[in-house]
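Colleague: sequence and predicted structure, then a few things I'm wondering about:
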Amino acid sequence: MKADLSKKSFKIQWSIQVLLLIILFCAFLSSNLHAKTAKEIDASVDVAIERFYKQVEGAEKLVKASKGILVMPNVKKAAFIVGGEYGQGALRVGGKSVDYYNTISGSIGLQIGGQAKDIILLFMTDEALKQFRASKGWEAGVDGNVALITIGAGGRADTRTLKDPIVGFVFDAKGLIADISLKGAKFSKVDKKE
């Protein structure tokens with residue numbers, strides 16, 4: 001009988017913790033879930049590209065060699081066993097924003113904390129860019145393989161060594177979660193007004 005009571009007590013405590021986690025998670029992401037305008041997104045994208053150029057030697061040449069660049073600045077992640085990630089950004093072709101996207105992903109596992117990071121995907125071929133733009137919801141690793149380049153401060157990206165159709169960078173990560181992957185990241189086109 002005592003074992004049954006302790007199991008029920010454990011289940012109730014666990015349920016309360018999960019409920020509190022969901023409330024905290026929603027509060028953390030709510031500041032990011034408001035619909036940003038195209039101008040707000042473009043301003044954030046400009047700042048993220050400048051950070052990219054400053055932090056990664058050779059980044060400007062790589063961007064110029066690409067057919068398109070998806071920039072997802074300040075993507076937020078919150079986690080306590082169950083985690084979620086959200087951000088908004090723009091796809092630029094020829095230096096101009098042509099489409100706007102959001103990214104949403106979830107995960108389960110041993111994780112706790114919060115993080116903000118910038119994500120840049122470079123489409124190095126016309127075909128890779130065309131497939132990305134034609135998709136309703138594009139998932140990294142499923143709809144297209146991304147060569148994720150891990151570069152620390154002062155790192156270098158070299159166009160001669162990067163031959164993959166899609167090259168990804170996760171940089172300027174801040175927070176308690178040391179996650180620089182794109183695993184499970186899904187990018188969906190959204191309509192934006194000026």
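Modeller: Perfect, thanks for sending it. Residues are numbered from 1 along each chain as shown.
Colleague: let me see the contact set for the residue nearest to residue 168 when sequence neighbours are not counted.
Modeller: Distance criterion Cβ to Cβ, 6 or more residues apart in numbering; nearest residue to residue 168, sequence neighbours excluded, is residue 146 at 4.2 Å. Every residue, glycine included, has its C-beta placed from N, CA and C. Neighbouring residues of residue 146 by Cβ atoms under 8 Å, 6 or more residues apart in numbering: 121, 140, 164, 166-168, 182.
Colleague: closest to residue 134 among these?
Modeller: Residue 134 lies nearest to residue 166 out of those, by Cβ to Cβ, at 14.3 Å.
Colleague: just to revisit the earlier point, how near is the residue nearest to residue 168 to residue 89?
Modeller: When distance is defined by Cβ to Cβ, to the nearest Å, residue 146 is 15 Å away from residue 89.
Colleague: next SSE after the worst-scoring helix or strand of the chain on mean pLDDT?
Modeller: Sorted by mean pLDDT, DSSP states H and E, the helices and strands of the chain end with helix 2-33, the least confident at a mean of 52. Downstream of helix 2-33, the first helix or strand assigned by DSSP states H and E is helix 38-55.
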